[in-house]
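>>> can't give you the sequence, but here's the structure:
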Ligand code: ADP
Ligand code: MG
């Protein structure tokens, strides 16, 4: 393609809300034959909602949510935001002042922790609890299994080393996802879902989307390693993601595509930004590159 054609292609992309950072990015996109999708916020709507809470200890729901919200209010993760929104409803206040949290730590792809009212609060997935030697009761395990079957994500809460509650979060699939995956298949592009979420939830969501290959419970570095594995098997790989946890994979991929509504770090790490946050713009980007770089049209 001539420099003019590349400029035209980039311009068309921009006018459609597909921001292509340079000619190299536009060129690589037409070779893509495998796409790795993040789940939360990429394949799913990304506005998760708390749909169920189970307290495992004798404590008030209000007090429970106050400690959890004080911790999560520091998190950038959509799950953290969902939990804070729910806590506001429990408290019945639009703008509550949560207790102060010290020593806040975010464990990317696992959860968060902080000290609130002199108690150590840990909020996150099962593996985060196991990492902190917190035992998970049969009650909690049952709650986990049921929620995962419904494609919900379970967040566990421990206070001072003891599991005190579990909550189920629902984040539905983007309505366009099944069609996008099916069109990609017809374009001979293989789709894979890689997520930090657990296997049960991941499999349920992938099934709804029509994605056959799934990798769950992946740490950010695993996402990047998976991309590299696919490249080593001869694929030209695009990674589509929205989170901080996706940035190593966005960089490792031949083409990183960030969801516009995603975090700044993902947007910086990407070669292409889908400004409208529409999944179908993954196809727009590949189409545009194919039209610019193959002379068969
Ligand atoms: P995905 O790859 O689907 O975008 P992440 O890697 O961001 O998911 O997160 C993986 C899992 O870690 C989540 O499903 C959730 O269980 C847990 N997690 C991440 N951040 C938080 C948080 N702020 N609060 C509670 N749990 C979290
Ligand atoms: Mg995500």
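Received it, and whenever you're ready, just let me know what you need. Small disclaimer: the values here were computed from a predicted structure and weren't measured. Ligands and ions are numbered 1, 2, ... in the order given.
>>> ok, now how distant is the residue of the stretch 151-297 of the chain at minimum distance from ligand 2 from residue 261?
Taking CB to the ion, ligand 2 has its nearest neighbour within the stretch 151-297 of the chain at residue 243, 3.7 Å off. The C-beta positions use only the backbone N, C-alpha and C, and glycine is treated the same way. Distance of residue 243 to residue 261, given as CB to CB, to the nearest Å: 11 Å.
>>> residues shared between the contacts of these two?
Common neighbours of residue 243 and residue 261, counting by CB atoms under 8 Å, 6 or more residues apart in numbering, are residue 41.
>>> show me the contacts for the residue of the stretch 151-297 of the chain closest to ligand 2.
Counting by CB under 8 Å, 6+ apart, residue 243 touches 38, 40, 41, 77, 262, 263, 266.
>>> which residues does the nearest residue to the fifth one once chain neighbours are set aside contact?
To tie it back to what came earlier, the one meant is residue 262. If the residues on either side of it in the chain are set aside, residue 262 comes closest to residue 242, at 3.0 Å by CB to CB, 6 or more residues apart in numbering. By CB under 8 Å, 6+ apart, residue 242 lies in contact with 38, 40, 41, 42, 46, 258, 259, 261, 262, 263, 266.
>>> go with 10 Å
Listed by CB atoms under 10 Å, 6 or more residues apart in numbering, the contact set of residue 242 reads 38-44, 46, 78, 250, 257-263, 266-267, 270, 274, 277.
>>> rewinding a little: would you mind measuring from the residue of the stretch 151-297 of the chain closest to ligand 2 to residue 33?
Look at residue 243 and residue 33: by CB to CB, they are 24 Å apart.
>>> tally of neighbours for residue 7?
Counted with other CB atoms under 10 Å, the neighbours of residue 7 add up to 14.
>>> kindly report the same for residue 45.
Neighbours around residue 45, by other CB under 10 Å: 17.
>>> tell me the phi and psi of it?
phi -60, psi -40 (degrees, to the nearest 10).
>>> now it: how far from residue 169?
Distance from residue 45 to residue 169, counting by CB to CB: 12 Å.
>>> in the stretch 1-150 of the chain, which spans are strands?
Secondary structure of the stretch 1-150 of the chain (DSSP state E, counting those that start in this stretch): strands located at 18-20, 34-38, 49-55, 101-107, 111-116, 119-124.
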